[in-house]
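1. let me see the structure of the following:
(3 chains)
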Amino acid sequence: MADTTAPEPTRRDFLYIATGGVAAVGAAMTAWPFIDQMNPSSAVLALASIEADISPVQLGQQVVFNWRGHPLFVRRRTPQEIATAKAVPLSDLIDPVARNANLPDNAPATDENRVATGDANHTGKEEWLVVVGVCTHLGCTPTVSTPQSPQGEYGGWLCHCHGSQYDVAGRVRHGPAPQNLAVPPWTFLSPTKIKVG
Amino acid sequence: MMTMKVLTLAFAALVATSASALAAEDLSQPQEPIKQSWSWDGPFGMYDRAQLQRGFQVYKEVCSACHSLNLVSFNDLSYENGGTGMFSAAQVKAIAAGYKVPAGPDEKGNTTDENGNPLMRPGIPADHFPAPFANEEAARAANGGALPPDQSLLVKAREGGPDYVYSIVVGDGTKPPHGFKVIEGKYYDPYFPGRNISMPPPLTNDSVTYSDGTKATLDQEARDITAFLTWAAEPKLEDRHRLGFGVMLFMLLLSGLLFLSYRKVWKDAH
Amino acid sequence: MSGPSTYVPKSGFARWMDSRLPLMRFAHDTIITFPTPKNLNFWYAFGAILAFMLGIQILTGIVLAMHYVANADLAFNSVEGIMRNINYGWLIRYMHANGASFFFIAVYIHMFRGLYYGSYKAPREVLWILGVILYLLMVATAFFGYVLPWGQMSFWGATVITNFFSALDQITPHWGSAIATWLWGGFAVGDATLNRFFSLHYLLPFVIAGVVALHIWALHVPGNNNPLGIDVKGPQDMLPFHPYYTVKDSFYVALFALVYLAFVFYAPNFFGNPDNYTPANPVVTPPDIVPEWYLLPYYAMLRSVPQKLLGVLVMAGSLLTLLFIPWLDTSKVRSTRFRPMMKQFFWFFVIDCAVLGYCGAQSADASLTLGSFALPLVWIARLATLYYFGFFWVIMPLLGIIERPKPLPTSISQPVLAAAE
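-> Numbering: from 1, shown residues only, chains lettered A, B, ... in the order given. Okay, here's the model as predicted:
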């Protein structure tokens, strides 16, 4: 048994290595179903995309939908709000990137880019802002700011967990949050119906 | 020679009578289901997509009037988006939209409309098939006291599986043999336990008009609905057969290599 | 374990560790150098196969518990959700369900092998008793597990088995019913029952794993028995466990897994009962209720006795009998190979268990027709039950006294050498 001489590679060694190798490959392949079972199931994935009726949303109002387990803010902005958002120079922004899933990763965070949808032509729809209601700091849900009940200084949202503030284009303007509120992939199916995801 | 022939004939006649005596049916027991060959039989068996589409049509136009399909979602009908079914995602969306499913409360908290009917909304792919009756009591009341079973797992929940389901469908409403008394309000079905079934004969020739032009004979419809219900009960059968083949090949290879290693190791043991 | 350890730590860390927690030394001595009789045959591979199946069941079980909901309203649909929506859920659930059956196939072969070669005899009595305890734990775990899908068989199986305890009412009134009520957490099998059975089904496999460690410990102190049943005489009778038995066991494990996986992929419901694909309904009992195949012999014994308490006692007795085997067998010879009379009674006992299994699977009023003569199966089950007990309590003690065993070989290596010459 105890062989002190350095063994030559022989056919016998090859057989053992091949057997061990095949067994190891089998173990690795067996691992996959046991890992994949923790990924979202087909029942969860079937809800990855939702259609929302936006006809009840009044001007200046926000309606919250549930999308992939997160709140989805659909806000119909007033002309004054749009004008305020457009007036902000990019240099004032903490996060200069649009964070819009419908645009390239490096698109600048202009108001136009924040409301851009996946539709080929989205002009004239700029009153609709759709963002995921998850603070980019640590995941709390920000509170919407309205003229009757202002939250923070920027007219958009205030996150009560750690004081992050967002403007009416959902761009972070103050405090610990590093990024603008994410814009999900979305399109108009009709003037009153949108598809998100 | 002649006597031999007579003897043989007599013997044959005797065997024939005793065989027919044995064959005299016990009418209290159901007959064995009719053996059919199915496309998903055997280790390489797969479903036939066209047949599943026809079967779905039969379910939708006939069975779903009384039978629920609780465990199946519209998305399952798709061969896209993680489903294993027979339609494209776009077709599934249209199918789902054609169904009304219970909606949540409206913004005033109402769960019914002004006439007292529950609020409904069009289905989406993630919804499950809505049941034809609100509850078991309603189902029984509408079916003379009998409960139409949920069909999601019917094929796996019955001894005989697909053959049984097929046989029940074609056997329902056939003419009872002499001396068999069908209970009032029930139908004769030689394959059903007790042979009295509450379900009226569900299918006849041309119960549906197939969109793919297949002639809708009773046999064809019965085979198609059985295929659809088998898929509904075991939607992952094709994945199972495909993966199984690879696993079997792998295990043969591994066993072979282990056997050779075992022989080599033990060669010097004696 | 037997003899001084031959482990030599190879690195500085290994030496440091070895003087603090000698895990590597333990592993080395138990699975590398452990001296094993050189003549162990195919039937001795079932220990390794059982360890493999325990691993499969624990792994797939932990995964299933991530998706299963132990609630009477949701359990059935959660299992179907696993089958339909969870990625590879169908594979993992079919592996677990068929794994239970193959676990029992392996344990029965392992037990019959132990019986045949006299592996329960001194000095291996504790090893055998631990094995019986493992088997009882397996039965309990399998029973709890079968309840979880909350199908018709789950529900009515649980109802019938837990009602065994109500038989105790015939000894002290109300006590048995009180125990049954306590087990149910209600007045019948229900939500509370399902929840506690799930908890126990998750707990017991780890208890099994612990007892397996004791079982292996108790194996390594006296060492393996072998097909000749004689003690090893020295190093010429032995081989190190690695590589000889690691590779041999691996081959048989792979072969067993091949058959097991063939069922998982191509006949996954072969061992199942169609009624369990109908959700539990507390007001409708299915016409033929039967336990899982591995419990059918006990079920036949239970039904063969027309008195409730006696039936339960006979069934419990058939299991408890196994614990006394080391002392019921009075023969000086271990292996049945050298016991011509025992050999015949042994194989008749194997057939007897199969007959009991067959009777347990048939309906209670079934009979065997031979021409115009119909023999009720319950009478066959009664005879078979009689033989089951007779084999252990009468034949085993008597044979040791009246049987003349064949001459034993002097050592394990002797017949091997003789064959080589």
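
2. need the contact list for the residue lying closest to C:Y116 once chain neighbours are set aside.
-> Spatially, and ignoring its direct neighbours in sequence, C:Y116 is nearest to C:T336 (4.8 Å; CB to CB, 6 or more residues apart in numbering or on different chains). Placement of C-beta: from N, CA and C, glycine included. Residues near C:T336 by CB atoms under 8 Å, 6 or more residues apart in numbering or on different chains: C:115-118, C:342-343, C:346.

3. part of a helix, is A:G26?
-> Yes: counting by DSSP: H, G, I helix; E, B strand; the rest coil, one finds A:G26 located in a helix.

4. can you tell me the helix or strand for C:A374?
-> Take DSSP states H and E as the rule and C:A374 turns out to sit in strand C:373-376.

5. next secondary structure element downstream of that strand?
-> helix C:377-390.

6. residues contacting that next one, please?
-> In contact with helix C:377-390 (CB under 8 Å, 6+ apart) are residues C:297, C:300-301, C:303-305, C:314, C:317-318, C:321, C:348-349, C:352-353, C:355-356, C:359-360, C:362, C:364, C:366-368.

7. so what touches the helix or strand following it?
-> Downstream of helix C:377-390, the first helix or strand assigned by DSSP H and E is helix C:396-402. Here helix C:396-402 makes contact (CB under 8 Å, 6+ apart) with C:325, C:328-332, C:339, C:341-342, C:345.

8. show the pLDDT at B:K108.
-> pLDDT for B:K108: 86.

9. coming back round to it: go ahead and build a PyMOL selection from the buried members of the contacts of helix C:377-390.
-> Burial among the contacts of helix C:377-390 is assessed by 16 or more other CB atoms under 10 Å in any protein chain shown; the matching PyMOL selection reads:
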select buried, chain C and resi 297+300+301+303+304+305+314+318+321+349+352+353+355+356+359+360+362
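
10. filter the contacts of helix C:377-390 down to the ones in helices?
-> C:297, C:300-301, C:303-304, C:314, C:317-318, C:321, C:348-349, C:352-353, C:355-356, C:359-360 (DSSP state H).

11. give the contact list for residue 170.
-> Answering for chain A, as no chain was given. A:73, A:114, A:129, A:131, A:156-157, A:180-181, A:183.

12. think we crossed wires, I meant chain C
-> Applying CB under 8 Å, 6+ apart, the residues near C:Q170 are C:176, C:308-309.

13. how near is the residue of the stretch 51-200 of chain B found nearest chain C to B:F192?
-> Nearest residue of the stretch 51-200 of chain B to chain C: B:A157, at 3.8 Å (CB to the nearest CB). Counting by CB to CB, to the nearest Å, the gap from B:A157 to B:F192 is 15 Å.

14. taking the stretch 151-270 of chain B, what residue is nearest to chain A?
-> For the stretch 151-270 of chain B, CB to the nearest CB, closest residue to chain A: B:L257, 4.2 Å.

15. err, chain B, not the other one
-> Closest point on chain B to chain A, by CB to the nearest CB, is B:G82, at 3.3 Å.

16. for the residue lying closest to that residue once chain neighbours are set aside, phi and psi?
-> Sequence neighbours aside, A:S42 is the residue nearest to B:G82 in space, at 3.3 Å (criterion: CB to CB, 6+ apart). Main-chain torsions, A:S42, degrees, to the nearest 10: phi -60, psi -30.

17. same check, this time on B:K100
-> Dihedral angles (degrees, to the nearest 10) for B:K100: phi -100, psi 130.

18. now it. Nearest residue, chain neighbours left out?
-> B:M120 (4.1 Å).

19. beta partners for the one you found?
-> Beta bridges link B:M120 to B:P102, judged by DSSP bridges.

20. quick check, it in contact with B:Y99.
-> No: if you go by CB atoms under 8 Å, B:M120 and B:Y99 don't touch, sitting 9.3 Å apart.

21. including pLDDT and secondary structure, could the contacts of A:G170 go into CSV?
-> Listed next are the contacts of A:G170 as CSV, based on pLDDT from 0 to 100; DSSP: H, G, I helix; E, B strand; the rest coil:
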residue, pLDDT, secondary structure
A:F73, 96, strand
A:R114, 93, helix
A:L129, 94, strand
A:V131, 95, strand
A:G156, 93, strand
A:W157, 95, strand
A:N180, 95, coil
A:L181, 96, coil
A:V183, 95, strand
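
22. and the residues you listed as CSV, adding neighbour count?
-> CSV is the format used below for the contacts of A:G170 (neighbours: other CB atoms under 10 Å in any protein chain shown):
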residue, neighbour count
A:F73, 24
A:R114, 26
A:L129, 23
A:V131, 27
A:G156, 28
A:W157, 26
A:N180, 25
A:L181, 28
A:V183, 23
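
23. turn the residues you listed into TSV, including distance to chain C.
-> Shown next, in TSV, are the contacts of A:G170 (distance: CB to the nearest CB, whole Å):
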residue	distance to chain C
A:F73	29
A:R114	36
A:L129	34
A:V131	30
A:G156	38
A:W157	35
A:N180	33
A:L181	31
A:V183	29
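
24. ok, so of the residues you listed, who is nearest chain B?
-> For those, the nearest to chain B is A:F73 (17.7 Å; CB to the nearest CB).

25. indicate the residue of chain C located nearest to chain A.
-> C:Y88 (3.6 Å).

26. please name the nearest non-neighbouring residue to that residue.
-> Nearest to C:Y88 is A:P33, by CB to CB, 6+ apart, at 3.6 Å.

27. pretty sure B:S207 sits in a strand.
-> No: counting by three-state DSSP, B:S207 is located in no strand; its state is coil.

28. how much space separates it from chain C?
-> 27 Å (CB to the nearest CB, to the nearest Å).

29. C:Y294 contacts C:F104, correct?
-> Yes: using CB under 8 Å, C:Y294 is in contact with C:F104, at 3.8 Å.

30. intersection of neighbour lists for the two?
-> C:A142.

31. strands of chain C, start to end?
-> Assigned by DSSP state E, the strands in chain C fall at C:35-37, C:238-240, C:367-370, C:373-376.
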